[in-house]
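*Asks:* Take a look and give me a structure for this.
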Amino acid sequence: MKTLRLLLLFVPLVSFGQTEYYVSAKGGLNVREAPNSKKVTTLLYGEIVRIESKTGEKLIINDTDEETGITKAIEGEWVEIIAERIVDYDYNMMKDVFETVKGYVFDGFLKETSFPEYIKEEYIPISTLKYSENSCRRYKSGVPFTGTAYTIKYGPASAFLSRPINPSYAVDYGRFSGGFISPILIKIAEYKNGFLNGKQKVIDPLNDLIREKIVLFKTKNGDGGVIIMKYSDFEIQMGDLQEYIHPIGVEFFELNGQLASNFISNFYDNEESISKLFQEDFKNKYLQITYNEEYVREVGEYSHFENDYNRKYSNYIDEECYMFKKPISVEIIENFYVKSN
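*Replies:* Numbers count the residues shown, from 1 in each chain. Below is the predicted model:
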């Protein structure tokens, strides 16, 4: 019997810390050293906490809504919490700076971050899906994902945490153009066969704000082909992440000599492609390029929105997946005849 009692006491301490809650009190929520003791700090509306343990000390608070003037009794108890609040952004490391807050709060002003009114049971957390070479998103089994995926982004609850909340300091992380403080944003996107296809949404659940757009994926993955390319020169520029090639006087032709005016020349700009396509001996020569087409997700300082502080919260789920042409072989074609228009 003694062993059973010990197990019952220890179970809550292990299980509570897995669920995330947000502060639902618009005026903030006081954190104390112990129940009914000295205040440590105040958590702001929308800040995220985890419950470490429950005390069993019940409490009823009469709360008056400032907008409606209606007073209602809020029932709850004192709980021990931990919060990793965002206090700054490190532009050098490109990541948020956190401050750990520990103490006790009244859980009547804590709500789970499940948001069932926006996130349906059949929606898939985007973190459970993976990328592959020929699609944006797949299940771990390798099957291309078709359905609706979501993610939740948490931003700073206030631009100036050391000051009282003031409308002039409010940050509209969701770009709803209303000056709203939106520290929690839900992003939802529809996929078909691994690609964005359908509605995309950015939702501020605390203010019930939604904006959306439609993305229709029309391009199909091809097997590649053969094209003739000619350029007069090229310039190599050093970027922050790699070398970039800027060809000069580029023209594309069909094998029959006809100008390929509709050819999309998005050869993937990686080291392998650069070395195959751009050489001193290739200048002013007709080059027969055999290529494959494949989907590639660009990542890097300027292509991946997760590294952009302003877009990190506000942008739709943007996979940045594109079909690129990958050169397989390149050979010089002598005496190539170009047809006149």
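*Asks:* ok, now how distant is the nearest residue to Glu99 once chain neighbours are set aside from Asp318?
*Replies:* Once flanking residues are discounted, Glu99 sits nearest to Val87: 4.7 Å by CB to CB, 6 or more residues apart in numbering. C-betas here are computed from N, CA, C, even on glycine. The span separating Val87 from Asp318 equals 27 Å under the rule CB to CB, to the nearest Å.
*Asks:* for Lys111, same thing?
*Replies:* On the measure of CB to CB, Lys111 and Asp318 end up 29 Å apart.
*Asks:* What of Val330?
*Replies:* 33 Å.
*Asks:* more neighbours, those two?
*Replies:* For Val330 versus Asp318, the count of surrounding residues by other CB atoms under 10 Å is larger for Val330: 18 against 15.
*Asks:* so what's the backbone phi/psi at Val101?
*Replies:* Summarising the backbone geometry of Val101 under the convention degrees, to the nearest 10, its torsions are phi -120, psi 130.
*Asks:* Double-check it against Ile82; I have them as touching.
*Replies:* Yes: Val101 lies in contact with Ile82 (CB atoms under 8 Å); the separation is 7.1 Å.
*Asks:* quick one: common contacting residues for these two?
*Replies:* Listed as contacting both Val101 and Ile82 by CB atoms under 8 Å, 6 or more residues apart in numbering are Val49.
*Asks:* Pick out whichever of the two has more residues nearby.
*Replies:* When neighbours are counted by other CB under 10 Å, Val101 comes out ahead of the other of Val101 and Ile82, with 18 against 13.
*Asks:* show me what contacts that one?
*Replies:* Applying CB under 8 Å, 6+ apart, one finds that Val101 lies in contact with Val31, Val40, Thr41, Leu43, Val49, Ile81, Ile82, Ala83, Glu84, Arg85.
*Asks:* ok, how many other residues are close to the closest residue to Lys326 other than its chain neighbours?
*Replies:* Of all residues beyond its chain neighbours, the one nearest Lys326 is Asn292 (5.1 Å), with distances taken as CB to CB, 6+ apart. For Asn292, the count of nearby residues is 14 (other CB under 10 Å).
*Asks:* Let me see the contact set for Asn292.
*Replies:* Asn292 makes contact with Asp223, Gly224, Lys325, Lys326, Ile328 under the criterion CB under 8 Å, 6+ apart.
*Asks:* Make sure it is indeed in a strand.
*Replies:* Yes: according to DSSP: H, G, I helix; E, B strand; the rest coil, Asn292 belongs to a strand.
*Asks:* Just the pLDDT at it, thanks.
*Replies:* The predicted local distance difference test score for Asn292 is 84.
*Asks:* on that earlier part again, TSV for the contacts of Asn292, including secondary structure?
*Replies:* Written out in TSV, the entries for those read as follows (three-state DSSP):
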residue	secondary structure
Asp223	coil
Gly224	coil
Lys325	strand
Lys326	strand
Ile328	strand
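*Asks:* and of those residues, the nearest to Arg137?
*Replies:* The closest of these to Arg137 turns out to be Lys326 (CB to CB; 20.9 Å).
*Asks:* Can you give me the buried ones in stretch 142-151?
*Replies:* Neighbour-count burial for stretch 142-151, counted by 16 or more other CB atoms under 10 Å, picks out Pro144, Phe145, Thr148, Ala149, Tyr150.
*Asks:* quick one: low-confidence parts of the stretch 101-250 of the chain?
*Replies:* 132-135, 158-171, 178-180, 217-223, 239-243 (pLDDT under 70).
*Asks:* gap between the residue nearest to Lys326 and Gly249?
*Replies:* 26 Å.
*Asks:* Which parts of the stretch 151-300 of the chain are helices?
*Replies:* For the stretch 151-300 of the chain, the helices defined by DSSP state H, counting those that start in this stretch occupy 271-277.
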